[in-house]
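Asks: here is a sequence with its predicted model. Questions after.
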Amino acid sequence: MKPLEAKKTFDDVWTAELEKRNEEKRQNPYKDLLEGSDEKFEASKDSLDERDYEMLRKKRLAEMKAKAARNKFGQVYEINETEWVREINEVDPDVFVVVHLMAKNKAECIHFNRTLSAIAAKFKFIKCVCIEAYKAAKGFPDELCPTVLIYKEGKQYKQIQGFDKLGGPKNSVEKFEWLLHVAGVVETDLTEVPGDTPSRRGNDDSDADPEVVQRVLREARSKIIAEDDESWLQDD
C-alpha cells in the first residue's frame with residue numbers, strides 16, 4: 001500500500017513560494033528591472049552595458065504592450081443566466097474568470113463584492129463577474145453565499161465555498177489575492193502570508209465540502225432548467 005503523503009501546511013506553501021521566487025531571480029536577474037517602474041529601469045542605465053540595456057528596453061516595451069492588451073477588464077460585471085455562456089464559457093481560453101455567486105442583500109456578499117472589485121481593479125487581466133445565485137441555479141441556498149467559482153477554458157477550475165473560506169469578517173484584498181495566488185490565478189508581490197487566513201485557522205483546503213455546491217448545481221440543472229437551455233451552466 002502506498003504511504004499517505006503528509007498534507008501541506010500553509011507554511012509549506014509559503015516556503016515553496018519563496019524558493020520559487022529566489023530560483024526565478026537566479027534564472028532571470030533582470031526580472032525586477034523588466035517588471036519595475038520606469039524610474040527604476042532608467043536608473044539602471046549607467047550600470048548596464050549599452051547593448052544589454054537596449055535589449056532589455058525592447059523586451060520591456062514588448063512585455064508592456066502585451067500586458068496592456070491583457071488588461072482589458074478592471075471591474076466586476078454583473079450578469080444574468082442568459083449571459084453565462086458568453087461571459088464565462090466562451091471567453092478567451094487564456095483568461096481566468098472569477099464568478100461570485102451571491103445573495104443580493106446579504107451583508108457577507110456585499111462585503112466580499114467590495115474585495116472582488118479591488119481585485120478586479122488590481123488584476124485587470126482577470127475577468128470578475130457576479131450573479132445572483134438563484135439565477136445561476138434555482139434553489140441554490142443563500143447560506144452557501146458567497147461562493148466563488150473559478151473558470152478557465154470554459155470549465156470550472158476551482159471553487160471556494162462560503163464566507164468563512166474567503167476570510168470571514170476579516171476578509172481582505174490581500175487574503176483573497178493570496179487564495180488566488182495559491183490557486184495559480186495570479187502572481188503576487190506579497191512578502192508575507194496574510195494573517196488569519198482560512199488555512200491558518202486549521203483548514204488548509206479552501207474547497208471544503210465541494211460536493212455540496214456541485215450537488216446543488218446538478219440538481220438545479222436536472223430538475224428545473226430545461227434540457228435545451230442547460231448548456232449555460234456546464235462545469236464538467
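Replies: Looks like it came in fine. Not measured: the values here are computed from a predicted model. Numbering: from 1, shown residues only.
Asks: doesn't Glu42 lie inside a helix?
Replies: Yes. Judged by DSSP: H, G, I helix; E, B strand; the rest coil, Glu42 forms part of a helix.
Asks: for it, give me the pLDDT.
Replies: Note for Glu42: predicted pLDDT of 72.
Asks: ok, Ile79 - how many residues close by?
Replies: 18 (other CB atoms under 10 Å). Just so you know, the C-beta spots here come from the backbone N, C-alpha and C atoms, and that holds for glycine as well.
Asks: please report how far it lies from Ala16.
Replies: Ile79 sits 36 Å away from Ala16, going by CB to CB, to the nearest Å.
Asks: same question, Lys72
Replies: In terms of CB to CB, Lys72 sits 31 Å off from Ala16.
Asks: for Gln159, same thing?
Replies: 23 Å.
Asks: tell me, which helix in the protein spans the most residues?
Replies: Ranked by residue count and defined by DSSP state H, the top helix of the chain is helix 50-70.
Asks: which element follows that one toward the C-terminus?
Replies: As assigned by DSSP states H and E, the chain's next helix or strand after helix 50-70 is strand 76-78.
Asks: touching that next one from outside, list them.
Replies: Glu87, His100, Asn113, Leu116, Ser117, Ala120, Lys127, Cys128, Val129, Cys130, Ile131 (CB atoms under 8 Å, 6 or more residues apart in numbering).
Asks: doesn't the fifth one fall inside a helix?
Replies: Yes. Ser117: assigned to a helix according to three-state DSSP.
Asks: run a quick neighbour tally on it.
Replies: Residues near Ser117, counting by other CB under 10 Å: 16.
Asks: same deal with Ile150?
Replies: 19.
Asks: and the helix or strand hosting it, which strands flank it?
Replies: According to DSSP H and E, Ile150 maps onto strand 147-152. Paired with strand 147-152 in the same sheet, following DSSP bridges, are strand 96-102 (antiparallel), strand 155-161 (antiparallel).
Asks: just the mean pLDDT for that strand, thanks.
Replies: For strand 147-152, the per-residue pLDDT averages 95.
Asks: how about stretch 80-99?
Replies: Mean predicted confidence for stretch 80-99 is 93.
Asks: okay, buried residues for it please.
Replies: Glu81, Trp84, Glu87, Ile88, Asn89, Val91, Val95, Phe96, Val97, Val98, Val99 (16 or more other CB atoms under 10 Å).
Asks: now tabulate these in TSV and tack on distance to Glu108.
Replies: Shown next, in TSV, are those (distance: CB to CB, whole Å):
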residue	distance to Glu108
Glu81	22
Trp84	23
Glu87	23
Ile88	22
Asn89	27
Val91	27
Val95	27
Phe96	23
Val97	21
Val98	17
Val99	16
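Asks: in three-state terms, label Asp92 for me.
Replies: Going by three-state DSSP: Asp92 is coil.
Asks: what's the spacing between it and Trp84?
Replies: Distance from Asp92 to Trp84, by CB to CB: 16 Å.
Asks: likewise Glu192?
Replies: Taken as CB to CB, the span from Glu192 to Trp84 is 38 Å.
Asks: ditto for Cys128
Replies: In this view, Cys128 and Trp84 are 15 Å apart by CB to CB.
Asks: isn't His100 right up against Gln159?
Replies: No. Taking CB atoms under 8 Å as the definition, His100 is not a contact partner of Gln159, at 11.5 Å.
Asks: any residues in contact with both of these two?
Replies: Thr147, Val148.
Asks: from memory Phe112 sits against Lys165, does it?
Replies: No. Under the criterion of CB under 8 Å, Phe112 makes no contact with Lys165, lying 10.9 Å away.
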